[in-house]
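Student: test case, fold it:
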Amino acid sequence: MITADPLKFKFGNVKFQVDLGAERLVAAERGGDKIAVEIKSFLNPSVITDFYAALGQFLSYRLGLASVEPNRKLYLAVPFDVYRTFFQSEFT
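Tutor: Numbering: from 1, shown residues only. Predicted coordinates for the structure are as follows:
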């Protein structure tokens, strides 16, 4: 269930916008886990450039969310072909 599109929050004097805020049902008796999803397309000619940009954004969001919504887990969504090739390499 999408609960925020985008998920906006403030950490210190910086305003952030994660692409999606959602709740994923784990099991009926456990209730919902809060998650946030940052979506990246990896469209630049250099996958490394896109990776560093996504990583920097992800780490900033994770730091901010840990302070303002510590129970919300952050995910990075990437195209399947990028995941299958680049994100399966030893480097990443």
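Student: quick check: bridge partners of the nearest residue to G32 once chain neighbours are set aside?
Tutor: Spatial nearest neighbour of G32, excluding adjacent residues (Cβ to Cβ, 6 or more residues apart in numbering): E23 at 3.8 Å. (C-beta placed from N, C-alpha, C; glycine too.) For E23, the residues forming beta bridges with it (DSSP bridges) are K34.
Student: who's in contact with E23?
Tutor: M1, T3, G32, D33, K34, I35 (Cβ atoms under 8 Å, 6 or more residues apart in numbering).
Student: please redo it, this time with the cut-off set to 7 Å
Tutor: By Cβ atoms under 7 Å, 6 or more residues apart in numbering, the contact set of E23 is M1, T3, G32, D33, K34.
Student: reformat the residues you listed as a markdown table; add pLDDT, distance to P70 and neighbour count.
Tutor: As requested, the contacts of E23 are arranged in a markdown table below (pLDDT from 0 to 100; distance: Cβ to Cβ, whole Å; neighbours: other Cβ atoms under 10 Å):
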| residue | pLDDT | distance to P70 | neighbour count |
| --- | --- | --- | --- |
| M1 | 81 | 20 | 8 |
| T3 | 82 | 17 | 13 |
| G32 | 79 | 16 | 13 |
| D33 | 85 | 13 | 13 |
| K34 | 87 | 10 | 17 |
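Student: any low-confidence regions in the protein?
Tutor: Across the chain, residues meeting the criterion (pLDDT under 70) sit at 24-31.
Student: check this protein for its longest helix and report it.
Tutor: Across the chain, the longest stretch assigned as helix under DSSP state H is helix 47-68.
Student: ok and the helix or strand following it relative to helix 47-68, angle-wise?
Tutor: Sequence order places strand 73-77 as the next helix or strand after helix 47-68, per DSSP states H and E. Comparing the axes of strand 73-77 and helix 47-68 via axes from the mean of the first three to the mean of the last three Cα atoms, to 10 degrees yields an angle of 160 degrees.
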